[in-house]
Structures are given as structure tokens and as C-alpha cells.
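>>> Just need the structure, nothing else, for what follows:
(chains A and B)
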Amino acid sequence: MEASKVIHAIYTDDDVLMSAVKKVKSERYHIEEIYTPFPVHGLDKAMGLEPTRIAIASFIYGCIGLTVAIVMMNFIMIEDWPQNIGGKPSFSYIENMPAFVPIMFELTVFFAAHLMVITFYLRSRMWPFKKAENPDPRTTDDHFLMEIAIHGNEAELAILLKETGAVEVNLVDKDEAH
Amino acid sequence: MYTFSKKLKTVSIALMLIGALGVVYGFMTSHKSFEEVETMLAEEASHHGGGHEAETKAHVVAGDTDHSDNTHQDNTHDALADVEHHAADEHAEHVEHVQHQIANRPWSALYVAAFFFFMIALGVLAFYAIQFASQAGWSPVLFRVMEGITAYVLPGALIVLGIAVASGVIGHYNIFIWMDPEVVEHDKLIQGKSSFLNLPWFIIRGLIFIAGWSLYRHFARKFSIAQDNADINDNRNFKKSFRIAAGFLVFYIYTESMMSWDWIMSVDPHWFSTLFGWYVFASMFVSGITVIALITMYLKSKDLLPFVNDSHLHDLAKFMFAISIFWTYLWFSQFMLIWYSNIPEEVTYFVTRFADYKLPFLGMVVMNFVFPLLVLMNSDYKRIPWFVVMAGIVILCGHYIDVFNMIMPATVGDRWYIGIPELSSIMLFAGLFMFVVFTALTKAPLLAKGNPFIKESEHFHY
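Alright, predicted model coming up:
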């Protein structure tokens, strides 16, 4: 299939890459992916990626953590083995609530943080034993790689990419690149 | 150069005048005679359906355990026995006690409002010094706004100290009972603290604090203006400002703590909390940052701060969010330890607040924590001015109530209400605050153009 053919443009500077992304976007090409050795500020916006929804996920995870803490402390300290907390043996959750606030806080943070990291990895398709997708090991050092799918327009695209400051432009079969 | 608009000036003067009238009215109506209070109490008792005897008894129990301003050292048991024998005496004493509380109200209302506005200015001064000490690159475009607000530190602090002293000298020990020699005579605990808590030493300490803060403010402002007029390669004034900022922050964290013991914690002279200074600091810090944001947005809406962009607002809102949570952390730390250990002389502080101040005490947690947490959590909302204004107003009201909860239970007990004395005191000092701050803003260009970080700040982008 022709869609599996991609063009790889390699850059050596993040500022050049940024202006190249803007140029390529303005020419209405669709950028598949960009591989960089470090996070480039504002790249997601320039590429036109949708804003991340991980904050919403994080909020939901936090709420789950809070609920788990409340249910757990209620079971442990009030129902299963009622405790005399601070010399006030009321055996009521709400009256002893201040003692549980640190746990509620910690579990909220714990759930939000850990589940958010796990979600991020899964959403980025990074699970254990996964083969690396990185097409060029130099992008882990000091090179930046822009991947664009081609539809029989490689010649003009290659010229455009050279113009934007790419040091290398390669035509690659996507399956081989793996 | 900014000019103090006629409209705003009129508003501030009108606020001061109306406020002053209300304060005078509050003082005029606070002197109730013994008979008046007696009838009032009788009416209240019949209204609640409870017998007067029972209420007196309950009050004595509550008075000895909850009220730090009770002059009796008898324990509850003895007091209860006394009720049986000296019901008439107790009745008279109770009426007198309430009479005092009513007389204390306008003083306390004035003091709470004065402290609240002073605390905003001092919080901003600390924030300003931190910007210099950390050589922050994002904030220099806001320096002139901060310098404007800190102009209120000197008058504000002098007013607070003035009211505190006047309440003992002119008034009838309406805020600080440790100023009353008669109380101290019968109170072993206050006697033990009297080498620290005595009027001359209180005044000297206050003046030292105020002198230190004002000196820093004076020189920081001077160097900031001098840096504007200096050569582009001459950063000497900035360096001097950096050095005094670091020194001031050390001085500030000690004196702010001691000020909070003196000016607030000593209204309950039997009670103490070791993190009280931090707690008051969190309150003044978040209120100060909120006011920076509000005044910045006001000036920006008049097109006077074209160099302030969304990212600056975003950062201020982040600070409002973060310090609100920091405040809650300290508020809860103080509460939880005392609640958990349940030691009578400590826990009485919160028992009074739960018994008589449930709505402001818990309402303040909602306003200062839950509301900013939910409203300012979303990143995009921190860039929407009306959203930040709304959150800011709620935070400021919440922190006013915070100060209210610190002072009122000790002075007026359950005779509190947010009525004419409180609201007019707020108006009086809000007017004065606006007048001083906006007058100070007219004194220098609104961009500190000489600051070496000003270019970075103008291009600040998140």
C-alpha cells in the first residue's frame, strides 16, 4: 500500500524544527509523528495536536482514591474493629473524620499520580516488552525527525522539506522501518 | 504615568465617610446599661423557651471551660456549686459579661477590618521581596502594582497598633484582656506571661516590627525607581535591592510570627499554638496575591498595563490556588493536632468556635479551600479575568472571615453578627486602602523599565 510509505526529514536544531513544522502545516501536509531527544516547548500546538485530556483522567482517579480512602478507613477503623480515636470513642465516621483526612489526602494523590502515569504509558502505546517504534536511534541523541505520510507527492514534499532546513530527507517503507 | 481617576477617588472617599459614620454609630450604640442587657437576656431566654437559671448555669460551665476572658480560676465543679448558692451574683456577673461583650463589638469589628487590610499590604511586601530574592523573571512587570499596594504597610500597621493600644488606654480593655491589671491580678497564667505581655513592651515590639517593614519598603521602592533612571549597564540598584530583600525576608519571618502572637493570638492569652505565625502568614500571603491579581486586572482593563499578558494572570491565579491549599494545610494541621490530643486548655479554642461560630468557621473552609480548589483547578480558567475576579472576591471574603474567627470569639463570644459595625469598618479601611494604594500608583510609571529582568518578564509566555 502506498500509505505505508513515509518520508523522514531529519533536523539538528529545535528552533529550525519548529519553523519547519509551521511551514509544513501551512502547506497543508499531515505530520504523522515527530521524534525528539527532549520535549520541545510548543511543538504540540504547532503540530495541531488536540490538548491532552489526562487532567480529566487525573481528576477522576483522584476522586476514586478519595472514595477508596473513605470506604477503607470506615471499614478498618469503624466497622471491622472499632477504635477509640483520640480518647473520643464515638465510633462514628464523621466525628472521627479529622483523623482520616491525611489518609484521604494521601490516597487521593497516590491514585491520581500512579494511575495517571499508567494511563499515560498505555495511551502512548508503551507497554512492557513492546518493540521500540523509534525509526532512527539518532533521535535519542541530538537529531529531530519528522515523519510525513506520502501520497505520490514525494518529489515536491522533499523539496519543501529541504527548504525548511532538513539535513536529510529519506523515503522509507514504514513496515521496514520497524 | 497613572492618574487616580476622579471616579475611583470619589468611591474611596465615599467608602471612608460612610464607613466612618457606621463605625461611630457602632460605638454609640454599644454602651448598653445593665438593665437593658438584663431585659435583652430575659427576652432571649423566653424566646428560646429555656429557663434563665439553666442558661446561667450553662453559661458558667461554658464560661470556665470555653471563655479565655473569664477572670475566675475556679474549676467547673466549684462554679456549679456556686450557682446554687450565689445565683443572684452569678446572674449579675453574667449580665455584666454580656454587657462587656456588646461593648467590645465595635472595637473588635474595627480591629478585624484594620488588620485584614494591613495584612494584605504586608503579604504583598513579602511576595515582592521573594521576587527579588529569587530573581524571578516572570514578575517584574507587576512590580509597580506591588509597590503601590505596599504603600499601605506603614499607615495600615500604625492603625492596627493604634487601635490595639487605644482599646486598652481609651477603651475598657475591649480587645486584649491581658492589658487589664485587674484581670492579671487574678490570673496566674497571664501573670506568668506578663514579662512579655505588657503594654510598654507590646508597643515597643510593634514599633520595631513596623520600622523594619517600612524601612525595607522605603529602600526597595527607592532602588526600584533609581534603577529606572540608571544607565542600562548599571545594575547596582538592582543588586542592592536583591541584598536588602534577602535580609528583609529573614527579619520578616521572625517579626511576622511575633506580630501574629502579639496582635492576634494574645486576644486568647491562655491559649497558644506553635504554628500560628505560619497560619497567619498563609492568610496574608494568599490575600496579598489575590489583591495583586485584582488590581492588575483593573489596571489592565483600563489599558494601562499593555505589557501584562495572559501568562502573568495565569501565574498569579496559580499562586492563589496553591497558597489557598497551603493555607488549608496549615489550618488543618493546627486544628487536627489540637482536636486529636484533646487537651482542655488547647481544645477550648476550637470548642468555642464550633459551639458559637459554626457557620463562619466552617463556611470559611469552603470559601478558602473548596471553592478555589474547584474553580481554579482548570488551567484554562486561570486565564479568564472574570473567573479569577470571582474566585478572588470569594478568597478575600473568606480570609476576612478567617481574621474574624481569630479575634471575635475572644472578645464578643456568642454576641457576634456581621452587621453595621463590621461592614462599616470594612468600608472605612477599604476606602483608605484604595486611596493610599492608588495614590502611590500615580507616583511612578507603571512599568519598572530599569529592572534587568524586564524584557524576560514582558516576553513571559507559558
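>>> For the rest of this, base every contact and every neighbour count on C-alpha atoms.
Noted.
>>> What residue in the stretch 301-450 of chain B comes nearest to chain A?
residue B:340 (5.0 Å; Cα to the nearest Cα).
>>> name the element that residue belongs to?
Counting by DSSP states H and E, the element that carries residue B:340 is helix B:310-341.
>>> can you check residue B:452 too?
Assessed by DSSP H and E, residue B:452 sits outside every helix and strand.
>>> tally of neighbours for the closest residue in space to it that isn't next to it in sequence?
Among residues not flanking residue B:452 along the chain, residue B:235 sits closest, at 7.3 Å (Cα to Cα, 6 or more residues apart in numbering or on different chains). Close neighbours of residue B:235, defined as other Cα atoms under 10 Å in any protein chain shown, add up to 16.
>>> measure residue B:235 to chain A for me?
Using Cα to the nearest Cα, to the nearest Å, one gets 31 Å for the distance from residue B:235 to chain A.
>>> Closest to the centroid, which residue in chain B?
Relative to the mean C-alpha position of chain B, the nearest C-alpha, by Cα atoms, centre = their mean, is the one of residue B:116, at 3.3 Å.
>>> Report whether the lengthiest helix in chain A contacts chain B.
Secondary structure assigned by DSSP state H gives helix A:97-123 as the longest helix of chain A. Yes. Helix A:97-123 is in contact with chain B by Cα under 8 Å from any Cα of the partner chain, via A:98, A:99.
>>> For that helix, buried residues please.
Judged by neighbour count using 16 or more other Cα atoms under 10 Å in any protein chain shown, the buried positions of helix A:97-123 are A:98-101, A:103-104, A:107-112, A:115-116, A:119.
>>> Quick check: the residue of chain A nearest chain B.
Closest point on chain A to chain B, by Cα to the nearest Cα, is residue A:86, at 5.0 Å.
>>> pLDDT value on that residue, please?
On pLDDT, residue A:86 comes in at 84.
>>> Equivalent analysis for residue B:268, please.
pLDDT at residue B:268 comes out at 93.
>>> what's the burial count for it?
Using other Cα under 10 Å, residue B:268 is surrounded by 22 other residues.
>>> still on that earlier bit, residues contacting the residue nearest to the centre of chain B?
B:399, B:400, B:403 (Cα atoms under 8 Å, 6 or more residues apart in numbering or on different chains).
>>> Could you list the contact residues of chain A toward chain B?
Residues of chain A lying near chain B by Cα under 8 Å from any Cα: A:85, A:86, A:87, A:98, A:99.
>>> Pick out the most distant pair among these.
Greatest spatial distance in the residues of chain A next to chain B: A:87 and A:98, 13.7 Å, computed using Cα to Cα.
>>> now the most centrally placed residue in chain A: how far from residue A:53?
Centroid-nearest residue in chain A, with Cα atoms, centre = their mean: residue A:120, separated by 4.8 Å. When distance is defined by Cα to Cα, to the nearest Å, residue A:120 is 10 Å away from residue A:53.
>>> Please list all residues in contact with residue A:120.
residue A:54.
>>> close enough to count as contact, residue A:37 and residue A:134?
No. Here residue A:37 does not reach residue A:134: they are 10.9 Å apart, not a contact under Cα atoms under 8 Å.
>>> Around chain A, which positions in chain B sit nearby?
Residues of chain B lying near chain A by Cα under 8 Å from any Cα: B:336, B:339, B:340, B:341, B:342.
>>> if I look at the closest residue in space to the last one that isn't next to it in sequence, how far off is residue B:335?
Once flanking residues are discounted, residue B:342 sits nearest to residue A:86: 7.0 Å by Cα to Cα, 6+ apart. The gap separating residue A:86 from residue B:335 is 13 Å, by Cα to Cα.
>>> And for residue B:391?
From residue B:391 to residue B:335 the distance is 25 Å (Cα to Cα).
>>> between these two, which one's more packed in?
residue B:391 (24 against 16).
>>> ok, now which ones touch the more buried one?
Neighbouring residues of residue B:391 by Cα under 8 Å, 6+ apart: B:371, B:372, B:375, B:376.
>>> Just the buried residues of the helix or strand containing it, please?
Assigned by DSSP H and E, residue B:391 falls within helix B:385-411. Residues of helix B:385-411 classed as buried under the neighbour-count rule (16+ other Cα under 10 Å) are B:385, B:388-389, B:391-396, B:398-411.
>>> go on, stretch B:3-15?
With burial defined by 16+ other Cα under 10 Å, the residues of stretch B:3-15 counted as buried are B:9, B:12, B:13, B:15.
>>> so residue A:132, which of the three states?
Of the three states, residue A:132 takes coil under DSSP: H, G, I helix; E, B strand; the rest coil.
>>> Distance of it relative to residue B:317?
Applying Cα to Cα, the value for residue A:132 to residue B:317 is 40 Å.
>>> Could you check which of those two has the larger neighbour count?
Just comparing residue A:132 and residue B:317: by other Cα under 10 Å the higher neighbour count belongs to residue B:317, 29 against 8.
>>> Isn't the more buried one up against residue B:384?
No. At 9.9 Å, residue B:317 does not count as touching residue B:384 under the criterion of Cα under 8 Å.
>>> Touching, residue B:356 and residue B:412? I think so.
No. Counting by Cα under 8 Å, residue B:356 does not reach residue B:412; the two are 10.6 Å apart.
>>> residues near the residue of the stretch 51-200 of chain B found nearest chain A, how many?
Closest contact between the stretch 51-200 of chain B and chain A, by Cα to the nearest Cα, is at residue B:138 (17.1 Å). By other Cα under 10 Å, the residues close to residue B:138 number 21.
>>> ok, now the one 5 residues further on?
Each residue near residue B:143 was counted by other Cα under 10 Å, and the total is 21.
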